[in-house]
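Enquirer: model the following, please.
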Amino acid sequence: MSHIIANIGLLVALCSICVTGAAVNKYSFLDTDTSSTCPSLDDANLLTHSQLIARLTNSCRYDSLDPPTALTDDGQEGPVDVYARFYINVLKNLDSSDLQFSVQGLLQLRYFDSRLAFAQYAPNRKQAIVGEASLRDVLWLPHIFLANEQSSSVMGINDQDVLTTISPDGMVIISARIQATLYCWMNFRNFPFDEQSCTTVLESWMYNTSLLQLHWEPENAVSFDTQLQLTEYDLLNSTYNESIRISDAFSMTHGALVGNYSTLSFTVVLTREVGYYVMDYFLPSIMIVAISWVSFWLQADQTPARTTLGCTTLLSFITLSQSQEKNLSKVSYITMSEVWFLVCTFFIFGSLVEFAFVNTIWRRNNNLELKKRTTKYIVKSTFVPNLKRAKQRSFNRSQSSLSSCSLDKSATNGGSNNTVITIETPIIIADGLSRGNSSLSLNDNATTDGGSTMQLTQTPPRSNQTFATMTPKEVSLWIDRKMRFVFPLAFIVFNALFWTLVYCL
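Expert: The predicted structure follows:
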């Protein structure tokens, strides 16, 4: 019975040793050397790639939680240098409403890990060890994340497209095909003549600058596919930069970790193609504004035609402007497109206001008295009420009434004294214009039909004499003729200022 118990104990011990050895490394089942402590690398030339990796990454030699160390010039341990390269295949969907864009490309990380160098153990091996996800899982990897990502993933049909390469000198290269949707903080002040700078930020997550530092590759750090095409934008250039992100109790960019973290960023500068907006928005808006000027060739009494034309052009223009604004996110500042549509709306609304004004003048009953038929006096007499002229007319009418009463009283008394009668009457002068401020004096010594003599005296003309008269219809037609030139000229001046501001400033 004791022999049976001893055999069972020996069997349990052997099983525990086997389980422990299997848990140490997932590649241990490929290792032919089942010796106790640390597998030997003396026969590295005869091992397969899987066996060589299993022995190099054995727990006695390698810890995947510890980053590799590098020696500085003075022999001190320093941070590991990780070099990055990004090859962009697709750049698309620069969404103005959601402030984001999508990128697809190949991200490559390169660093040196002396623990994986096998040249001294297998000098005959000149080729690098190449593997996929299974090889990557047993290695230490720098944890790099996209700081401004909305979503990201590693591309692949069956498995993730990740390529791991280990050189004989211990150089590790990790390549992965990724696609990511990133935030881009766009500025639309010059929309649709804007330039956007969209940045991609790569940042170390776990290790601060004392353990890991990120660098761009010295050559071709960021490159683009020669077949890369954009629909709405044109790629001008790209820039890349290396910086440090500070994480503390206030920023909380790395959770509870505090320190300085290495950061890489590259920015693509894109300019918007304006051909679509010119053909679909700017040219139609110019045509709608020009159509609103047709009302200046219609008479002021044609109310249905001019009202229908003005309201139709205004509503059509508002619909056009709203359809353009749907492609833009809601921003608090004024964009260049909003300036354009706002001024064009003022021009269309101005044509409606002009019709209302000339129609009001057309329906007046009183003629317009002018000194001259010039723009100055027509505008002054039309827009500025002349109270002094109204008072003068009232005074002349009262004076005429008083003179008539005096004349009747004198005739009743016998008319022995000299009587002067002032008669307000227009005198026709040579040019056919009327002068209404002349007066006649009648003296009983003057010669009349009754044997008396009449003396004519002319008082000096007043300063507010009128030399011309215009009917309300003539004033309305004169305003319409002037507006036919004022509105197009003002719109041309606005266009000159607008396009100069867009392209020259």
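
Enquirer: host element of Gln120?
Expert: Using DSSP states H and E, Gln120 sits within no helix or strand.

Enquirer: can you check Asn190 too?
Expert: Applying DSSP H and E, one finds Asn190 in no helix or strand.

Enquirer: OK, contacts around Gln150?
Expert: By CB atoms under 8 Å, 6 or more residues apart in numbering, the contact list for Gln150 reads 100, 180-183. (Each C-beta comes from the backbone N, C-alpha and C, glycine too.)

Enquirer: of those residues, closest to Val269?
Expert: Closest approach to Val269 among the contacts of Gln150 (CB to CB): Leu182, at 15.2 Å.

Enquirer: what strand or helix carries the closest residue to Ile244 other than its chain neighbours?
Expert: What sits nearest to Ile244 in space, not counting adjacent residues and going by CB to CB, 6 or more residues apart in numbering, is Asn260, at 5.0 Å. Secondary structure assigned from DSSP H and E places Asn260 in strand 259-272.

Enquirer: give me the buried positions along whichever helix or strand comes after that strand.
Expert: Sequence order places helix 275-277 as the next helix or strand after strand 259-272, per DSSP H and E. Residues of helix 275-277 classed as buried by neighbour count (16 or more other CB atoms under 10 Å): Tyr277.

Enquirer: contacts for helix 275-277, please.
Expert: Helix 275-277 has contacts (CB under 8 Å, 6+ apart) with 192, 232, 324, 337.

Enquirer: roughly how far does the third one sit from Tyr333?
Expert: Just to be clear, that refers to Gln324. 17 Å (CB to CB, to the nearest Å).

Enquirer: ok, the two, which is more surrounded?
Expert: Per other CB atoms under 10 Å, whichever of Gln324 and Tyr333 has more neighbours is Gln324, with 19 against 8.

Enquirer: what's the more buried one in contact with, if anything?
Expert: 277, 280-281, 337, 341.

Enquirer: ok, the residue nearest to Ile244 - how many residues close by?
Expert: There are 14 residues near Asn260, going by other CB under 10 Å.

Enquirer: now for the contacts of helix 275-277: which two are most distant?
Expert: For those, the farthest-apart pair by CB to CB is Glu232 and Ser337; their separation is 14.6 Å.

Enquirer: who has more neighbours, those two?
Expert: Neighbour comparison, Glu232 and Ser337: the larger count goes to Ser337, with 22 against 17 (by other CB under 10 Å).

Enquirer: returning to that earlier point: quick check: buried residues in the strand holding Asn260?
Expert: 261-268, 270, 272.

Enquirer: repeat that for stretch 298-318.
Expert: 300, 306, 309-310, 313-314, 316-317.

Enquirer: ok, of the residues you listed, which one's closest to Glu203?
Expert: Phe317 (48.0 Å).

Enquirer: wait, that closest one touches Phe347, no?
Expert: No: here Phe317 does not reach Phe347: they are 9.4 Å apart, not a contact under CB atoms under 8 Å.

Enquirer: what is in contact with these two at once?
Expert: Val289.

Enquirer: and the residue nearest to Asp42 when sequence neighbours are not counted, how many neighbours?
Expert: Among residues not flanking Asp42 along the chain, Tyr121 sits closest, at 7.7 Å (CB to CB, 6+ apart). Other residues near Tyr121 come to 18 when the count uses other CB under 10 Å.

Enquirer: quick one: residues contacting Tyr121.
Expert: Per CB under 8 Å, 6+ apart, neighbours of Tyr121: 41-42, 44.

Enquirer: could you dump these to a markdown table with secondary structure and distance to Asp159?
Expert: Shown next, in a markdown table, are those (DSSP: H, G, I helix; E, B strand; the rest coil; distance: CB to CB, whole Å):
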| residue | secondary structure | distance to Asp159 |
| --- | --- | --- |
| Leu41 | coil | 30 |
| Asp42 | coil | 35 |
| Ala44 | helix | 29 |
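
Enquirer: give me the element Trp88 is part of.
Expert: For the record, residue 88 is Ile, not Trp. Residue-wise, Ile88 maps onto strand 80-95 under DSSP H and E.

Enquirer: name the helices or strands packed onto that strand?
Expert: Contacts defined by 3 or more CB pairs under 8 Å, 6 or more residues apart in numbering; DSSP states H and E place strand 80-95 against strand 100-112, strand 195-204, strand 212-216, strand 222-224, strand 259-272.

Enquirer: for the most centrally placed residue in the chain, helix, strand, or coil?
Expert: For the chain, the residue nearest the mean C-alpha position is Phe188 (1.2 Å; CA atoms, centre = their mean). The three-state label given to Phe188 by DSSP: H, G, I helix; E, B strand; the rest coil is coil.

Enquirer: residue contacts, the closest residue to Glu132 other than its chain neighbours?
Expert: Excluding its sequence neighbours, the residue lying closest to Glu132 (CB to CB, 6+ apart) is Val162, at 5.9 Å. Val162 is in contact with 132-133, 136, 154, 156, 174-176, counting by CB under 8 Å, 6+ apart.

Enquirer: of those residues - the most surrounded one?
Expert: Neighbour counts for these peak at Ile174, which has 20 neighbours (criterion: other CB under 10 Å).

Enquirer: which residues does that residue bridge with?
Expert: Counting by DSSP bridges, Ile174 is bridged to Leu109, Thr164.

Enquirer: these two touch, right, it and Gln108?
Expert: Yes: between Ile174 and Gln108 a contact is recorded at 7.1 Å, counting by CB under 8 Å.

Enquirer: could the contacts of Tyr121 be laid out in CSV, adding pLDDT and neighbour count?
Expert: Putting those into CSV (pLDDT from 0 to 100; neighbours: other CB atoms under 10 Å) gives the following:
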residue, pLDDT, neighbour count
Leu41, 86, 18
Asp42, 84, 9
Ala44, 85, 19
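
Enquirer: can I get the residues you listed in JSON lines with distance to Phe112?
Expert: Compiled in JSON lines, these are given as follows (distance: CB to CB, whole Å):
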{"residue": "Leu41", "distance to Phe112": "19"}
{"residue": "Asp42", "distance to Phe112": "24"}
{"residue": "Ala44", "distance to Phe112": "20"}
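
Enquirer: can you tell me which of these is closest to Tyr62?
Expert: Leu41 (12.1 Å).

Enquirer: tell me the spacing between that closest one and Thr165.
Expert: Taken as CB to CB, the span from Leu41 to Thr165 is 20 Å.

Enquirer: and Ser40, how many neighbours does it have?
Expert: Ser40, neighbours per other CB under 10 Å, totals 10.

Enquirer: tell me the phi and psi of it?
Expert: phi -80, psi 150 (degrees, to the nearest 10).

Enquirer: likewise Leu501?
Expert: phi -60, psi -30.

Enquirer: residues near it, how many?
Expert: 13.

Enquirer: residues contacting it?
Expert: Met336.

Enquirer: nearest to Cys198, of the contacts of Gln150?
Expert: Using CB to CB, these come closest to Cys198 at Leu182, 7.2 Å.

Enquirer: just to check, that closest one is in contact with Thr200?
Expert: Yes: contact criterion CB under 8 Å: Leu182 and Thr200 qualify, at 5.9 Å.

Enquirer: overlap in contacts of these two?
Expert: 103, 146, 148.

Enquirer: which of those residues lies closest to Val289?
Expert: Nearest to Val289 among those, with distances taken as CB to CB, is Val103, at 41.1 Å.

Enquirer: count the neighbours of the closest one for me.
Expert: Neighbours of Val103 using other CB under 10 Å come to 22.

Enquirer: could you do the one 5 residues further on as well?
Expert: Summarising burial for Gln108: neighbours were counted as other CB under 10 Å, giving 17.

Enquirer: if we can go back for a sec, list the neighbouring strands of the strand holding Ile88 plus their orientation.
Expert: Counting by DSSP bridges, strand 80-95 is paired with strand 100-112 (antiparallel), strand 212-216 (parallel), strand 222-224 (parallel).
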